[in-house]
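Student: Quick one, structure for this:
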Amino acid sequence: MDQPNILEAQKLTKVYEDGLCALDHVSFSVKAGEIFCLLGDNGAGKTTAINLFLGFLNPTEGTPFINGIDVTKDPLAAKQHVAYLSDVVMLYPNFTARQNLDFFARLGGRHNLKRDDYYNALRQVGLQEKAFEQRLKGFSKGMRQKVGLAIAIVKEAPAIILDEPTSGLDPKAANEFLAILHQLRAQGRAILISTHDIFRAKEISDTVGIMSEGKLLAVKTKAELEHENLEKLYLDYIQGKVAA
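Tutor: Down below sits the predicted model:
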């Protein structure tokens, strides 16, 4: 049986007051248990699409849905079903890892969690136990990213959105991070990632959407990419050698 669409963009368009079209009638969906990568350079429209899903921007046309909820009509309800992790995780440096989880879980409406619940989430993302009660101001970026994912776990959101999540991580930390995403996918989460990293996109994704200048030029499944050189395919699309 097909999995339901958890994230869905229907002809999403964003035109700014100066006339810049940052997103041009973009449509795609992310199912439960799927990792979908938006692949493109800076300015391709990836972050704009994410901001529309999160309600940070209002679309000029089109509709973003989270778990069937129209974000433009009920943004607060929609946000209950999504967890967001940016390339620079905005957490509280003077809080410990566990205190950050407790704060954001309560902010998301979960008031019944115990210390062990937070510890279990931190174990799941591979944070060392000695760091559970340490303040974040001494954490590396990779450690902060793990805490951010642990927040997504305790929130129990069916959708997770990540903007350039492996940017600035060393290879070991990036591989650990992607392994955690595979675990979350296995739990049925719908995961949307924006990236310009072609290698990581092919490695982690079930589906890759190639973006350039606000347009979604192609959507390819893992099976379709199995015998493809994604770098060449990407360049062919953005250079107009392949019709979108």
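Student: only C-alpha atoms for contact and neighbour calcs from this point on.
Tutor: Will do.
Student: show me what contacts the residue lying closest to E133 once chain neighbours are set aside?
Tutor: Spatial nearest neighbour of E133, excluding adjacent residues (Cα to Cα, 6 or more residues apart in numbering): T96 at 5.1 Å. By Cα atoms under 8 Å, 6 or more residues apart in numbering, T96 lies in contact with 132-136.
Student: let's go with 10 Å and repeat that
Tutor: 102, 131-137, 147 (Cα atoms under 10 Å, 6 or more residues apart in numbering).
Student: just the helices in the chain please.
Tutor: In the chain, the helices defined using DSSP state H lie at 46-53, 75-79, 97-107, 115-124, 141-155, 171-186, 198-204, 222-225, 230-238.
Student: Let me have the ones you listed in CSV, extended by mean neighbour count.
Tutor: Putting these into CSV (neighbours: other Cα atoms under 10 Å) gives the following:
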stretch, mean neighbour count
helix 46-53, 22
helix 75-79, 17
helix 97-107, 20
helix 115-124, 17
helix 141-155, 24
helix 171-186, 16
helix 198-204, 16
helix 222-225, 13
helix 230-238, 15
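Student: Ok, which of those helices comes nearest S86?
Tutor: helix 141-155 (8.9 Å; Cα to Cα).
Student: how far off helix 171-186 does the closest one point, in degrees?
Tutor: 10 degrees (axes from the mean of the first three to the mean of the last three Cα atoms, to 10 degrees).
Student: contacting residues for L54?
Tutor: 48, 64-66, 71-72, 75-76, 78-79, 82-84, 161.
Student: now, among these, which is nearest to L122?
Tutor: A83 (15.9 Å).
Student: pLDDT wise, what is that closest one at?
Tutor: A83 is assigned 90 on the pLDDT scale.
Student: So what pairs up with the residue nearest to E133 in the strands?
Tutor: According to DSSP bridges, the partner residues bridging T96 are R135.
Student: Quickly note the distance from it to L113.
Tutor: 16 Å (Cα to Cα, to the nearest Å).
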